[in-house]
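Enquirer: this one's sequence-less:
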């Protein structure tokens, strides 16, 4: 299973980076192959200063070795080895009318001292972080997610949509990071769903990403915007940074397993503002967004 999924994310990385280079029309991804001293490595691809994309990364990795003590305590195991692979992406567009997007699809195995698999699971999802709320964009993104889920189980979309709203939430701000999407983790084999079923589901979601996001980028990338709207985008990006550094489990896992720091932190935007006690004007488009972030919406 690990080889099958690792091959899949290699191909998906190629497909997604090619699509983003085409829509940007200027910038190209810089590729960086790296090795992890304890075992494994990855292929980082970063794009910057394009016509459409200000900064973005589409990274894959496959790492293995002894599970660090802190993670063994977290999982409640002793003297375990692990293998983890996945694709993680974040795209920060230049135009504040285009939402930031994040996605991740991953697979994890844990082994005993004899090399036997003692646990394995899939995880991942995709979510949208707008700066200005276009309801039709949120509906399109969520409908694409729901369609992918429904091909496997009609219960998946409402379940993983709710988990996304719960997970991507800045509790210290009492607001969501964005308008959500899907979030699933610890997808393990049961009597009803085997690991191949989970593989088929996760790859279905991965394959849906381009159709979920690129039509939104295409529709909004050339809209006019003001300096004030750009400032708002940078203030909201600050909230994005706060979530990734304070709450995100993937960032924490990477840091605690001696992951490659440049790849882990590629999700951070290049231009950000923190304005003291900033609040949007009552009745403004900015306030409209905040109201939605305070109370998750059922978009479809």
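Expert: Cool, the structure landed. Everything quoted here is computed from the prediction, not taken from an experiment.
Enquirer: Contacts for the helix or strand that residue 183 is a member of, please.
Expert: Here residue 183, judged by DSSP states H and E, is contained in strand 180-187. The contact list for strand 180-187 (CB atoms under 8 Å, 6 or more residues apart in numbering) reads 121-128, 141-142, 145, 149, 156-157, 160-161, 163-168, 193, 198, 201-202, 205, 212, 296. For the C-beta atoms, the positions are set from N, CA and C on the backbone; glycine is no exception.
Enquirer: quick check: mean pLDDT across the host helix or strand of residue 18?
Expert: Taking DSSP H and E as the criterion, residue 18 maps to helix 2-24. Computed over helix 2-24, the mean pLDDT rounds to 97.
Enquirer: So which bits of it are buried?
Expert: 2, 5-6, 8-9, 12-13, 16-17, 19-21, 24 (16 or more other CB atoms under 10 Å).
Enquirer: List just the nearest of those residues to residue 93.
Expert: Of all those, residue 93 sits closest to residue 24, with 9.4 Å by CB to CB.
Enquirer: I figured that closest one was touching residue 51, is that so?
Expert: Yes: with contact defined as CB atoms under 8 Å, residue 24 reaches residue 51; the gap is 5.5 Å.
Enquirer: can the buried residues of helix 2-24 go into a markdown table with extra columns for distance to residue 292?
Expert: Below are those laid out as a markdown table (distance: CB to CB, whole Å):
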| residue | distance to residue 292 |
| --- | --- |
| 2 | 39 |
| 5 | 34 |
| 6 | 37 |
| 8 | 34 |
| 9 | 32 |
| 12 | 30 |
| 13 | 32 |
| 16 | 27 |
| 17 | 31 |
| 19 | 28 |
| 20 | 27 |
| 21 | 32 |
| 24 | 28 |
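Enquirer: Mind picking the two most distant members of these?
Expert: The span of the buried residues of helix 2-24, defined through CB to CB, is set by 2 and 24 at 32.6 Å.
Enquirer: Give me the helices and strands touching the helix holding residue 18, please.
Expert: Counting contacts by 3 or more CB pairs under 8 Å, 6 or more residues apart in numbering; DSSP states H and E, helix 2-24 packs against strand 40-48, strand 53-66, strand 81-93, strand 100-111, helix 195-220.
Enquirer: Reformat those as JSON lines; add mean pLDDT, mean neighbour count and distance to residue 278.
Expert: What follows is the helices and strands packed on helix 2-24, written out as JSON lines (pLDDT from 0 to 100; neighbours: other CB atoms under 10 Å; distance: least, CB to CB, whole Å):
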{"stretch": "strand 40-48", "mean pLDDT": "95", "mean neighbour count": "19", "distance to residue 278": "27"}
{"stretch": "strand 53-66", "mean pLDDT": "95", "mean neighbour count": "22", "distance to residue 278": "21"}
{"stretch": "strand 81-93", "mean pLDDT": "96", "mean neighbour count": "23", "distance to residue 278": "20"}
{"stretch": "strand 100-111", "mean pLDDT": "96", "mean neighbour count": "22", "distance to residue 278": "19"}
{"stretch": "helix 195-220", "mean pLDDT": "98", "mean neighbour count": "19", "distance to residue 278": "24"}
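Enquirer: For residue 267, find the nearest of those.
Expert: Of all those, strand 81-93 comes closest under CB to CB, at 4.1 Å.
Enquirer: Quick check: which helices or strands does that closest one pack against?
Expert: helix 2-24, strand 53-66, strand 100-111, helix 195-220.
Enquirer: Now do stretch 253-264, average pLDDT.
Expert: Mean predicted confidence for stretch 253-264 is 77.
Enquirer: in its sheet, what does the very next helix or strand once past the helix holding residue 18 sit against?
Expert: Downstream of helix 2-24, the first helix or strand assigned by DSSP H and E is strand 30-35. Partners of strand 30-35 in the sheet, by DSSP bridges, are strand 40-48 (antiparallel).
Enquirer: tilt between the strand it pairs with and strand 81-93?
Expert: 0 degrees (axes from the mean of the first three to the mean of the last three CA atoms, to 10 degrees).
Enquirer: orientation of strand 40-48 relative to helix 2-24 in degrees?
Expert: Using the same axes, to 10 degrees: strand 40-48 against helix 2-24 is 10 degrees.
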